[in-house]
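everything below, folded, please.
(chains A and B)
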Amino acid sequence: MSQKKTILIVDDEPRYVRLVEINLQTEGYQVRTASNGQEAVEAVAADQPDLILLDVMMPDMDGPATLRRLRELPHLMSTPVIFMTAKVRASEVGEYQAMGALGVIAKPFDPMTLADQIRDILKTKHD
Amino acid sequence: MTGPLIPPGPLTHGTELNAVYAIARIVAETYDTEAGLDAVFRLARTIFIFDVVALYLQAEESGRLEPAYARALGRGRSLEADLAWGEPAAQEAFRSGQTVLRQEDAGPAVTTRDRRRDYLGLPMMVGGRCVGGLVFGRFGGPPFPPEHIRLAEFVAWHVGQLLENRRMASRIATLEAQRELARMQDEFVSTVSHELRTPLGFIKGYVTTLLRDDIAWERPSQVEFLRIIDEEADRLRELIDNLLDSSRLESGSLGMTVEPVRLPTLVRDAASRNQSLHPEMPLSLEVEEDLPVVMLDATRISQVLDNLLNNADKYAHGAPVNLRARQIDRQLRLEVEDQGPGIPAEHLPHLFERFFRVPGHAGVARGTGLGLYICRKIVEAHGGVIGVDSLSGSGTTFYLELPIVTAQPVDTGGMA
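Numbering: from 1, shown residues only, chains lettered A, B, ... in the order given. Predicted structure coming up:
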């Protein structure tokens, strides 16, 4: 039996974090949470997640700024990061990908299919 | 047909040249039509003689010519200064698009030579369209000679330019106002839709999660999700109430029911109501018991106190909160003081504006930016003021000052 994959969720809205967390735990993922960019940087120092779900709009350090900080850490240079945002026009998605995000999940997400969406995005990376 | 509105031929006279140059400059530089016209006619009078000048413009609604500007600069001054003269000449010039000369007799009431009046009417062209007539009047002769008519036509052409400037300036102002209004409406729509979507998104998300047929949620999880749904539904209802209040305030239709109120009771009720809503809030109460009975809308003032106490719990969570009511001179002063983190000074002037939210609070507490705006409107409807004192790092005090309006003469009390 393979080890559980770890997902780090970064979002400043606790109810959103909780909603993502419960729906991914039931799919067999190990979930860790951070409520801002600084906490995310601290969380990855000890332990490297397999995937990071990153909110775009956060006070102080927003999603893109957090992504830049994370990419400066040698062990996180290639960790897949997916942005979660309500702004999902094609041009905006293109910008997130240019910043180094693997993909984008639209807010609000469908709890039924969240895990499938994540698997689809991860799969495109390996194709 | 545009009429003979051509600038005059070469001018040789030094004074005329200077005046003509100055008129052209004024027209190019001024956007204040009234001041521009004053200056142009003052200069015009140095190059040809007239006693009165009047400008008639076509009114947009009626289509009739209405006096827009009139000055008496010469002999007219002593008669009926600044009255509009020579309307028939203006009418004729406006209708024909041609320069017209009219001679009128002021009648036997005028015994001096001023009885004879010469009017020079010129069509007023703005943006290629005839919009009115300009009239120069001369009392007591001699009639306008051809060279003065040419100068008057030159002046009329420049007055048209001044009006064109004004038309452009007001058009630009209108466009800017429309753009600002559209921007505010866009912002309103996007703020409101975001604020409506957020609780709705949580309700939908947690309900869908509860309904997942591949998972049997334990009872504690079910309760956790249902509690969130319950709170978000409350939040949605509160937001809709606020939106309705705020739009009623904008249209002036928020009803106030003013009645005699015992303020100590109202304040104590607000304290116990909010204490039970926020059991952990360290709330203390200081109320002067001998406050006079005043006329106010108890429901609306309670709504203001609820909002301020709820804010104290939200933004200064866990910090001591003090609710005070006292009389200062002929004012009642209510205060909600917290010892929380305070509000940066640069945000204080905007706190009571519609939709304003202190930046960076999105993660700490959600809100619409309507609550304090509604509070201000309610307090203002009572003839009072609402304000805030805050120092970043050392707490915030919101206060309302209400004028003491008594139902009947104040009972002096205690007089045995």
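
please make it C-alpha for all contacts and neighbour counts, starting now.
OK.

let me know how buried residue 113 is, in neighbour terms.
You didn't say which chain, so I picked chain A. 11 (other CA atoms under 10 Å in any protein chain shown).

chain B, not that one
10.

which residues touch it?
B:Arg113 is in contact with B:139-140, counting by CA atoms under 8 Å, 6 or more residues apart in numbering or on different chains.

same deal with the one 10 residues further on?
Taking CA under 8 Å, 6+ apart as the contact definition, B:Pro123 lies against B:3, B:90, B:93-94, B:96-99, B:130-134, B:156.

and it, helix, strand or coil?
At B:Pro123 the chain is in strand, as set by DSSP: H, G, I helix; E, B strand; the rest coil.

mind checking pLDDT for residue 119?
Let's take chain A. At A:Arg119, the pLDDT value in this model is 93.

other chain: chain B
92.

same thing with B:Glu224?
B:Glu224 is assigned 95 on the pLDDT scale.

that one: how many residues sit nearby?
By other CA under 10 Å, 12 other residues sit near B:Glu224.

quick check: buried residues in stretch B:156-176?
Along stretch B:156-176, these residues count as buried under the neighbour rule (16 or more other CA atoms under 10 Å in any protein chain shown): B:156-167.

stretch A:58-77 now?
A:58-59, A:62-64, A:66-67, A:69-70, A:76.

is chain A within reach of whichever strand or helix holds B:Asp186?
Take DSSP states H and E as the rule and B:Asp186 turns out to sit in helix B:146-210. Yes. Helix B:146-210 is in contact with chain A by CA under 8 Å from any CA of the partner chain, via B:201-202, B:205-206, B:208-209.

ok, then the element right after that helix?
Criterion used, DSSP H and E; the element after helix B:146-210 is helix B:219-251.

for that following helix, packing partners?
helix B:146-210, helix B:371-381 (3 or more CA pairs under 8 Å, 6 or more residues apart in numbering or on different chains; DSSP states H and E).

hey, which of the ones you listed is tucked in deepest?
Highest mean neighbour count among the helices and strands packed on helix B:219-251 (mean count of other CA atoms under 10 Å in any protein chain shown): helix B:371-381, with a mean of 21.

where along chain A do the helices fall?
Along chain A, the stretches classed as helices by DSSP state H are A:14-25, A:37-46, A:63-71, A:90-98, A:114-126.

distance to B:Ser392 for those - can I get that in a markdown table?
Converted to a markdown table, the helices of chain A look like this (distance: least, CA to CA, whole Å):
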| stretch | distance to B:Ser392 |
| --- | --- |
| helix A:14-25 | 26 |
| helix A:37-46 | 23 |
| helix A:63-71 | 27 |
| helix A:90-98 | 36 |
| helix A:114-126 | 42 |
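
wait, which of these is closest to chain B?
helix A:14-25 (6.9 Å; CA to the nearest CA).

could you check the angle that closest one makes with helix A:114-126?
Here helix A:14-25 runs at an angle of 70 degrees relative to helix A:114-126 (axes from the mean of the first three to the mean of the last three CA atoms, to 10 degrees).

quick check: the most centrally placed residue in chain B vs chain A, distance?
Chain B has B:Ala177 as the residue nearest its centroid, 11.0 Å off, counting by CA atoms, centre = their mean. As judged by CA to the nearest CA, to the nearest Å, B:Ala177 and chain A stand 29 Å apart.

how about the contacts made by that residue?
Counted by CA under 8 Å, 6+ apart, B:Ala177 has zero contacts.

quick one: work out the angle between the strand or helix carrying B:Ala35 and helix B:146-210.
Here B:Ala35 sits within helix B:33-44, counting by DSSP H and E. For helix B:33-44 against helix B:146-210, the angle by the same axes, to 10 degrees is 170 degrees.

what about helix B:33-44, distance to the chain center?
31 Å (CA atoms, centre = their mean, to the nearest Å).

what comes up buried for that helix?
Buried, per 16+ other CA under 10 Å, within helix B:33-44: B:33, B:36-37, B:40-41, B:43-44.

please apply the same query to stretch A:26-35.
In stretch A:26-35, counting by 16+ other CA under 10 Å, buried: A:29-35.

what's next to it, contact-wise?
A:4-14, A:17, A:21, A:24-25, A:40, A:43, A:115, B:215.

pull out the buried residues from those residues.
Buried, going by 16+ other CA under 10 Å: A:6-13, A:17, A:21, A:24, A:40, A:43, A:115, out of those.

farthest-separated two in these?
The span of these, defined through CA to CA, is set by A:Ala43 and A:Ala115 at 22.1 Å.

counting neighbours, what do you get for the residue lying closest to B:His158 once chain neighbours are set aside?
Leaving aside its sequence neighbours, B:His158 sits nearest to B:Val27 (CA to CA, 6 or more residues apart in numbering or on different chains; 6.5 Å). Neighbour count of B:Val27, defined by other CA under 10 Å: 23.

how near is B:Ala24 to B:Ala35?
Distance, B:Ala24 to B:Ala35, using CA to CA, to the nearest Å: 14 Å.

same question, B:Asp329
49 Å.

coming back round to it: of the buried residues of helix B:33-44, which is the nearest to B:Thr191?
For these, the residue nearest B:Thr191 by CA to CA is B:Thr33; the value is 41.2 Å.

in stretch B:279-292, which residues are buried?
So, applying 16+ other CA under 10 Å, buried residues of stretch B:279-292: B:281, B:283, B:287, B:292.

how far out from the middle of the chain is that stretch?
On the basis of CA atoms, centre = their mean, stretch B:279-292 is displaced by 39 Å from the centre of the chain it belongs to.

which other residues reach that stretch?
B:262-264, B:267-268, B:271, B:275, B:313, B:317-327, B:404, B:406, B:410.

same deal with stretch B:56-65?
B:66-69, B:87, B:90-91, B:131-134.

where does chain A dip in pLDDT?
Low-confidence segments of chain A, defined by pLDDT under 70: A:1-2, A:125-127.

what parts of it come near chain B?
So chain A meets chain B at A:12-13, A:15-16, A:19, A:23, A:26, A:58-60, A:108-112 (CA under 8 Å from any CA).

mind running it again at 7 Å?
A:12-13, A:19, A:59, A:108, A:110-112 (CA under 7 Å from any CA of the partner chain).

in what helix or strand does B:Glu66 lie?
Using DSSP H and E, B:Glu66 falls in strand B:65-72.

for the residue nearest the centre of chain A, list each beta-bridge partner.
Geometric centre of chain A, nearest residue: A:Leu53, 1.0 Å, by CA atoms, centre = their mean. Using DSSP bridges, the bridge partners assigned to A:Leu53 are A:Ile9, A:Ile82.

my guess is it contacts A:Val10. True?
Yes. Contact criterion CA atoms under 7 Å: A:Leu53 and A:Val10 qualify, at 6.1 Å.

nice, that's everything, thank you.
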